[in-house]
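Q: I'd like to go over a predicted model; first the sequence, then the structure.
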Amino acid sequence: MTRVEEIEMAVDSLSEEEFRKFRNWFLERDWEKWDTQLESDSAEGRLDFLVQEAMDEKKQGRLRGIPTQTAANTHPRPSSQTATAPACQQARLRRRCHST
């Protein structure tokens with residue numbers, strides 16, 4: 001049995017309260033890793049192309065304003081007390097972005 005399979009079995013055996021605490025811990029850890037990666041990518045210039053694309057779009061008059069935040073497109077980072085479904089969806093989205 002692999003370590004991942006052992007962890008899966010352990011997670012499956014958690015009570016609802018234990019699972020909630022584990023989920024919150026895991027999501028927070030995922031956010032921290034995401035933040036660290038984003039900071040590293042930014043510091044190393046890996047995101048500079050995004051700035052250049054925005055500047056090019058602005059020069060061509062195609063840059064749109066930043067949309068205001070709405071409940072549909074804004075999901076706050078989960079607190080250590082609760083984790084929301086949108087936060088879980090954000091975690092899945094980040095995994096897809098990391099894997100490309």
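A: Noted; the coordinates are in hand.
Q: tell me where the model's unsure across the protein.
A: Residue ranges of the chain with pLDDT under 70: 67-100.
Q: buried stuff in the lengthiest helix in the chain?
A: For the chain, the helix reaching the highest residue count under DSSP state H is reported as helix 16-43. For helix 16-43, the neighbour count (16 or more other CB atoms under 10 Å) marks Arg23, Asn24, Leu27, Glu28, Asp30, Trp31, Trp34 as buried. For every residue, glycine as well, the C-beta is placed using N, CA and C.
Q: surely Leu63 and Val51 touch.
A: No. Taking contacts as CB atoms under 8 Å, Leu63 lies outside contact range of Val51: 12.0 Å.
Q: and these two? which has more neighbours close in?
A: Comparing Leu63 with Val51 by other CB atoms under 10 Å, the one with more neighbours is Leu63, at 13 against 10.
Q: which non-adjacent residue is nearest the more buried one?
A: Spatial nearest neighbour of Leu63, excluding adjacent residues (CB to CB, 6 or more residues apart in numbering): Glu57 at 4.3 Å.
Q: burial count for that neighbour?
A: Counted with other CB under 10 Å, Glu57 comes out at 12.
Q: and the longest helix of the chain, what does it pack against?
A: Counting contacts by 3 or more CB pairs under 8 Å, 6 or more residues apart in numbering; DSSP states H and E, helix 16-43 packs against helix 85-99.
Q: if we go to 10 Å?
A: helix 3-12, helix 48-59, helix 85-99 (3 or more CB pairs under 10 Å, 6 or more residues apart in numbering; DSSP states H and E).
Q: which outside residues touch the second one?
A: In other words, helix 48-59. Residues from elsewhere that reach helix 48-59 (CB atoms under 10 Å, 6 or more residues apart in numbering): Asp41, Ser42, Gly45, Arg62, Leu63, Arg64.
Q: can you list phi and psi of the closest residue to the first one other than its chain neighbours for me?
A: What it means is Asp41. Counting by CB to CB, 6+ apart, Asp41 lies nearest to Leu47, which is 5.5 Å off, once chain neighbours are set aside. As for Leu47, its main-chain torsions (degrees, to the nearest 10) stand at phi -110, psi 0.
Q: do Ser13 as well
A: phi -90, psi 0.
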